[in-house]
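S.K.: with the sequence up front, the predicted model follows.
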Amino acid sequence: MITTQHTLKASPALTRFDFFNRLKELKDDFHNNILFKAMVNGEFTPAARDKFLFHHQFFSDQFQRLIMLRSAMCTHPQLEDIFYGHLVEELGHHKMLEAERNKISLKKDIIIEALTMWFPYQMFSTSPLEQLVIVNCGVETAALIIYHYAIPALDPEKKSEFFRIHEIHDGYHQTMGHDLLKNLTSQEYERLIAILEDTWAILNTLMARLCTLSLAD
Ligand SMILES: [Fe+2]
């Protein structure tokens, strides 16, 4: 039976520990995505690779919009330089992918488009700290896992400059601004955990969709 006393009991205050603990859980869960299982199982033929990169191009293009918007609109005293530095290191990488990949004629996928457009759209409706979480604790942290599986499956000879440059930088990109995630209120951590969970849910759905499209006939 639920008593009045029970329903009124306050939840424990959320802390930095809860935020990073949830991030660890989301990272661990991401490894279970069907895309990575297919990559490990050797299902990515050269044709599947070309389809994967065709659709991945939409993610790369929208990430450029996100990183430019985030920097352009930031006036937060401690994050302005961090966002600008990150922009400088990412600028133009979508063109690198476009130049490298084999061009194939495919119809664009509207689900991929909708999922990837979620990222730049968030830059209009979130705080700078939330944007740090979306980009650095979300996309960049996921990128390290994505490339961990994608490079052996798609570029085992490590010829791709696009993959190589992300392999070098993304370890640092995932930790940028972490010092600013200290000493926040419980309500702020609650909001950051919510946006973190949304980000990883989008990333998981996007990777699964990339898998389905890459392996389709
Ligand atoms: Fe990066």
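M.R.: Thanks, I have the structure now.

S.K.: check which element follows the helix or strand containing E167 along the chain.
M.R.: With secondary structure defined by DSSP states H and E, E167 is part of helix 161-173. Downstream of helix 161-173, the first helix or strand assigned by DSSP H and E is helix 186-215.

S.K.: residues of that next one that come out buried?
M.R.: For helix 186-215, burial by neighbour count (16 or more other Cβ atoms under 10 Å) applies to 188-189, 191-193, 195-196, 198-200, 202-204, 206-207, 209-211, 213-215. (Glycine included, C-beta is placed from N, CA and C.)

S.K.: how much space separates A48 from the ion?
M.R.: For A48, the distance to the ion equals 24 Å [Cβ to the ion, to the nearest Å].

S.K.: typo on my end, it should be Y84
M.R.: Taken as Cβ to the ion, the span from Y84 to the ion is 14 Å.

S.K.: ok, for that residue, nearest residue in space, not its chain neighbours?
M.R.: Setting aside the residues directly before and after it, Y84 is nearest to S71 in space (Cβ to Cβ, 6 or more residues apart in numbering), at 5.1 Å.

S.K.: how about the contacts made by the one you found?
M.R.: 80, 83-84, 86-87 (Cβ atoms under 8 Å, 6 or more residues apart in numbering).

S.K.: one more time with 6 Å, if that's ok
M.R.: Counting by Cβ atoms under 6 Å, 6 or more residues apart in numbering, S71 makes contact with 83-84, 87.
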